[in-house]
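K.L.:
Sequence first, then the predicted structure:
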Amino acid sequence: MAFTKMISTLFLLATFSLPAVIAAQDTAEERRHRQAQRSQDAHDKAHHNTAKVVGGSAAGGAVLGGVLGGGKGALIGGAAGAGGGGIADKVRKHKGVEKRENRDPR
């Protein structure tokens, strides 16, 4: 009885520790991607790029909406511009990470 309990406990421990062992293994490609992402994030933070892209898009949308639809149009245009700017910033960051990955092969 004790032997069976010990074997089943060891089996469960081995089964539940397997995902941790698999997750700990890291490929060179994943390390290069993370390094490129950290480098891109540091550059963007230093230059306030996200704020510039999203803020500029929101301001442009608000101006265009204000001209076409008055006050309510400015509000709607600003929101639409900020949403579009957020998407554009996400794409810009992704492209920047890809460029850094290809430029710095390790």
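P.N.:
All right, it came through fine.
K.L.:
just the helices in this protein please.
P.N.:
Along the chain, counting by DSSP state H, helices occupy 2-24, 28-47, 49-103.
K.L.:
tell me the angle of the last one relative to helix 28-47?
P.N.:
For helix 49-103 against helix 28-47, the angle by axes from the mean of the first three to the mean of the last three Cα atoms, to 10 degrees is 150 degrees.
K.L.:
Could I get the contacting residues of L68?
P.N.:
G77 (Cβ atoms under 8 Å, 6 or more residues apart in numbering). C-beta here means a position set from N, CA and C on the backbone, and glycine is covered the same way.
K.L.:
From G81, how far off is it?
P.N.:
L68 sits 13 Å away from G81, taking Cβ to Cβ, to the nearest Å as the criterion.
K.L.:
I'd like to know how far H33 sits from A46.
P.N.:
21 Å.
K.L.:
Could you check which of the two has the larger neighbour count?
P.N.:
Taking other Cβ atoms under 10 Å, H33 and A46 do not tie; H33 has more neighbours (15 against 8).
K.L.:
Please tell me how far that one sits from V54.
P.N.:
24 Å.
K.L.:
At the geometric centre of the protein, which residue sits there?
P.N.:
K90 (7.4 Å; Cα atoms, centre = their mean).
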